[in-house]
Every structure is written in C-alpha cells, then in structure tokens.
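Engineer: Here is the input, now give the coordinates:
(one chain, ligands or ions: 2)
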Amino acid sequence: MSIKITEECINCGACEPECPNQAIYEGGKKWRMSDGTSLENKKILDSTIFQKPKKKDIYFIIPEKCTECVGFYNQPQCIMICPVQCCIPDQENYENKEKLLQKKIFLHESD
Ligand code: SF4
Ligand code: SF4
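Structural biologist: Numbers count the residues shown, from 1 in each chain. Ligands and ions are numbered 1, 2, ... in the order given. This is a model prediction of the structure:
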C-alpha cells in the first residue's frame with residue numbers, strides 16, 4: 001500500500017530527497033507522474049502535466065508513485081527517516097508486494 005503523511009508533519013523536509021520514486025512533495029507544490037520516473041520516455045499521456053498539490057501546508061505523498069520503496073529498499077525510507085513518525089501506511093490504498101513491484105516496473109523501466 002502507499003504510505004501517507006499525517007497532520008503531525010513538521011515540514012522538516014527530511015523525507016523528500018529519500019524517496020526513490022519522487023512521490024513526496026512539499027505542501028503547495030505541483031507534481032507530475034514523470035518527476036523522478038521514466039514515464040516521460042514511455043510517452044504516457046499526461047505524465048508531464050503538472051497536477052494540483054494534494055496538501056497546502058504539509059508534505060504529501062502521491063499514492064500512484066509510492067511503492068513502499070519496494071524494488072529499491074527493504075523498508076519505506078520516509079517512515080525510517082521521519083523524526084515525528086507521521087509517515088504511516090495508508091489503509092485506503094492497499095496493495096500487496098506483487099502489485100507494488102509491478103508499479104515500480106511501470107514507473108521506472110522503459111519499454
Ligand atoms: S515509502 Fe518509499 S516510495 Fe513511498 S513515499 Fe515513502 S520513500 Fe517514497
Ligand atoms: S520527514 Fe516527516 S515531518 Fe519531515 S517533512 Fe517528511 S513527513 Fe513531514
């Protein structure tokens with residue numbers, strides 16, 4: 001499943017550079033599926049279009065880009081680094097390991 005960031009986020013910014021999928025954005029920032037992925041090379045429609053921020057005041061995670069770090073690390077890096085433990089599993093976006101690996105391949109491996 002995806003990880004999500006709760007309202008306890010103190011905006012320290014420590015998690016953002018650790019994400020191998022560039023799935024974490026600062027509050028108020030626009031985001032793209034193509035950021036940090038190879039989707040632009042696949043010419044998937046809309047991957048380079050900037051999308052509206054999901055949160056204005058705290059960091060947020062794009063579920064479609066989060067693989068729980070599967071394919072890169074054994075543990076979700078944002079959970080490990082967050083100083084206030086506000087990165088938690090998002091039960092509404094459950095995916096098993098196989099699905100997460102498929103997502104990683106979709107995001108990063110060119111056709
Ligand atoms: S679990 Fe990994 S892929 Fe998901 S947001 Fe955190 S660092 Fe990024
Ligand atoms: S590491 Fe935690 S507190 Fe810092 S920006 Fe990320 S989610 Fe927020």
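Engineer: what's the spacing between the lengthiest helix in the chain and its chain's center?
Structural biologist: In the chain, taking DSSP state H as the definition, the longest helix is helix 97-108. From the chain centre to the centre of helix 97-108 is a distance of 12 Å (C-alpha atoms, centre = their mean, to the nearest Å).
Engineer: and what of stretch 91-108?
Structural biologist: On the basis of C-alpha atoms, centre = their mean, stretch 91-108 sits 11 Å off its chain's mean C-alpha point.
Engineer: Next, count neighbours for Val70.
Structural biologist: 21 (other C-beta atoms under 10 Å). The C-beta positions use only the backbone N, C-alpha and C, and glycine is treated the same way.
Engineer: list the contacts for it?
Structural biologist: Neighbour list for Val70: Lys97, Leu100, Leu101, Lys103, Lys104 [criterion: C-beta atoms under 8 Å, 6 or more residues apart in numbering].
Engineer: ok, now how distant is it from Gln85?
Structural biologist: As judged by C-beta to C-beta, to the nearest Å, Val70 and Gln85 stand 21 Å apart.
Engineer: Alpha carbons of the longest helix of the chain, in CSV - could you do that?
Structural biologist: What follows is helix 97-108, C-alpha atoms only, in CSV (Å, rounded to 0.1, in the frame of the first residue of the first chain):
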residue,chain,number,x,y,z
LYS,A,97,4.1,-6.8,-2.7
GLU,A,98,3.5,-8.1,-6.2
LYS,A,99,1.4,-5.1,-7.1
LEU,A,100,4.0,-2.7,-5.6
LEU,A,101,6.7,-4.4,-7.7
GLN,A,102,4.6,-4.1,-10.8
LYS,A,103,4.1,-0.4,-10.0
LYS,A,104,7.9,0.1,-9.6
ILE,A,105,8.5,-1.6,-13.0
PHE,A,106,5.8,0.6,-14.6
LEU,A,107,7.3,3.8,-13.2
HIS,A,108,10.9,3.1,-14.0
